[in-house]
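Student: Please work out how this folds:
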Amino acid sequence: LGRGIRQMLEAGYGRARIWEFRDMANELRDCASDCLPFEEYIVQSGDSLDAICRRFAKQGMALSYGWINSFNGKPIFNTNLRLEQKLKLPAQALHLEAWRGERLLLLYAGDDYLVGAYQASFGKEGNATPLGEFTLGDFLREPVFWQQGGDPVPFGNPENPLGTRWMGFSENTDYGIHGNTDADETIGSFESLGCIRMHNSEVEELFELLPRGGK
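Tutor: Just a heads-up that it's a prediction; the model follows:
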């Protein structure tokens, strides 16, 4: 499915046609541990999901606690562990493909295994979202909007356009993936100043799934 969707986009299929496969992608995420390689891990005293992610990052495994939870059939936002609990740690990291023309985000495990699809807004004319490969650097749960030439706009202020989450591009810190404050109906259009804008509920999910340093 992942390869097929990519080939359809390259062949010019529109967003509506691709969107028909969204539920299938979600189903594939639910059964990912039946299809993808993993390393078994037994929870030790003092462990947390964040600590496990940091420990395995040093071994070259890019994990997030949301992806671990999803892979083990748990709610993405769950943080509970029990001593000697057996976990399957997915061996293939998640990365995001942003298709600017179709205003779509596709979430992949490894090269081709599709585990999610999202609609998003991209940059309007004159402020096009940049093309290329980017690394996700700053992950902010309650982003402050630092407007040029003005005072910072705090999280929760209706004038703050960043919504509930921010994932910034390391290579160009002016751009990132974020939520929205009061423009939910515009998601899926070309209306941002170059960032990728999502529904808050979906950017919160993606925030937990994508690894720090993900592509």
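
Student: now the helices for the protein?
Tutor: 2-10, 15-19, 22-30, 49-57, 65-71, 200-209 (DSSP state H).

Student: Need those helices in JSON lines (columns: mean neighbour count and mean pLDDT).
Tutor: Any C-beta I mention is one placed from the backbone N, CA and C, and that applies to glycine too. Converted to JSON lines, the helices of the chain look like this (neighbours: other Cβ atoms under 10 Å; pLDDT from 0 to 100):
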{"stretch": "helix 2-10", "mean neighbour count": "15", "mean pLDDT": "96"}
{"stretch": "helix 15-19", "mean neighbour count": "14", "mean pLDDT": "94"}
{"stretch": "helix 22-30", "mean neighbour count": "15", "mean pLDDT": "96"}
{"stretch": "helix 49-57", "mean neighbour count": "16", "mean pLDDT": "93"}
{"stretch": "helix 65-71", "mean neighbour count": "24", "mean pLDDT": "96"}
{"stretch": "helix 200-209", "mean neighbour count": "20", "mean pLDDT": "96"}
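
Student: Tabulate those helices (a markdown table), appending distance to Glu97.
Tutor: Below are the helices of the chain laid out as a markdown table (distance: least, Cβ to Cβ, whole Å):
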| stretch | distance to Glu97 |
| --- | --- |
| helix 2-10 | 8 |
| helix 15-19 | 12 |
| helix 22-30 | 12 |
| helix 49-57 | 22 |
| helix 65-71 | 16 |
| helix 200-209 | 13 |
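
Student: Ok, which of these comes nearest Asp182?
Tutor: Closest to Asp182 of the helices of the chain, according to Cβ to Cβ: helix 200-209, at 10.8 Å.

Student: Give the full set of residues in contact with the most centrally placed residue in the chain.
Tutor: In the chain, the centroid-proximal residue (Cα atoms, centre = their mean) is Leu206; its distance is 3.3 Å. Applying Cβ atoms under 8 Å, 6 or more residues apart in numbering, we find Leu206 in contact with Leu96, Leu105, Leu107, Gly116, Tyr118, Arg165, Met167, Ile177, Met198.

Student: Do I have it right that the fifth one meets Trp99?
Tutor: No - taking contact to mean Cβ atoms under 8 Å, the distance of 10.8 Å between Tyr118 and Trp99 leaves them out of contact.

Student: Have a look at these two and say which one is more surrounded.
Tutor: Tyr118 (24 against 17; other Cβ atoms under 10 Å).

Student: All good on my end, thank you.
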